[in-house]
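Visitor: Dropping the sequence and predicted coords here.
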Amino acid sequence: IYRNYHFPTQVLVASVRHPVHVLEAAKLGADIATLPFAVMEKLVQHPLTDLGLARFLKDWEKVPKS
């Protein structure tokens, strides 16, 4: 049907259970992914991000409050 009628399509990835699945799906050209919030949280976790955030919050505490 797709080849005959040239319907516009997008690839949706589902049943994602690990951040690596998201990375692989993106590499393969997936347009959309449905994933649990826990997997999304793991995608943004990184030791340097955590360190930078901790440093920012520590510096923020030093800013005089008016």
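Guide: Yep, that arrived. Numbering: from 1, shown residues only.
Visitor: And the strands in the protein?
Guide: For the chain, strands defined by DSSP state E occupy the ranges 12-13, 32-33.
Visitor: Direction included, what does the first one pair against?
Guide: Applying DSSP bridges, strand 12-13 is found paired with strand 32-33 (parallel).
Visitor: So for stretch 59-66, first residue to last residue, what's the gap.
Guide: This stretch, stretch 59-66, spans 16 Å end to end (CA to CA, to the nearest Å).
Visitor: From one end of stretch 26-37 to the other, what's the distance?
Guide: The straight-line separation of the ends of stretch 26-37 (CA to CA) is 18 Å.
Visitor: Residues in contact with that stretch: which ones?
Guide: Q10, V11, L12, V13, A14, V16, R17, H21, V22, A25 (CB atoms under 8 Å, 6 or more residues apart in numbering). The way it works is simple: take the backbone N, C-alpha and C, and place the C-beta from them, glycine included.
Visitor: Can you pick out the most distant pair from those?
Guide: Distance extremes for the contacts of stretch 26-37: the farthest pair is Q10 and R17 at 21.3 Å, using CB to CB.
Visitor: what about the two, which has more around it?
Guide: R17 (11 against 7; other CB atoms under 10 Å).
Visitor: pLDDT wise, what is that one at?
Guide: The model reports R17 with a pLDDT of 95.
Visitor: From what I see, it and V39 are in contact.
Guide: Yes - counting by CB atoms under 8 Å, R17 touches V39, with 6.8 Å between them.
Visitor: What is the neighbour count of L35?
Guide: Residue neighbour count, defined by other CB under 10 Å, stands at 19 for L35.
Visitor: Quickly note the distance from it to K42.
Guide: According to CB to CB, to the nearest Å, L35 stands 10 Å off from K42.
Visitor: go on, L28?
Guide: According to CB to CB, L28 and K42 sit 20 Å apart.
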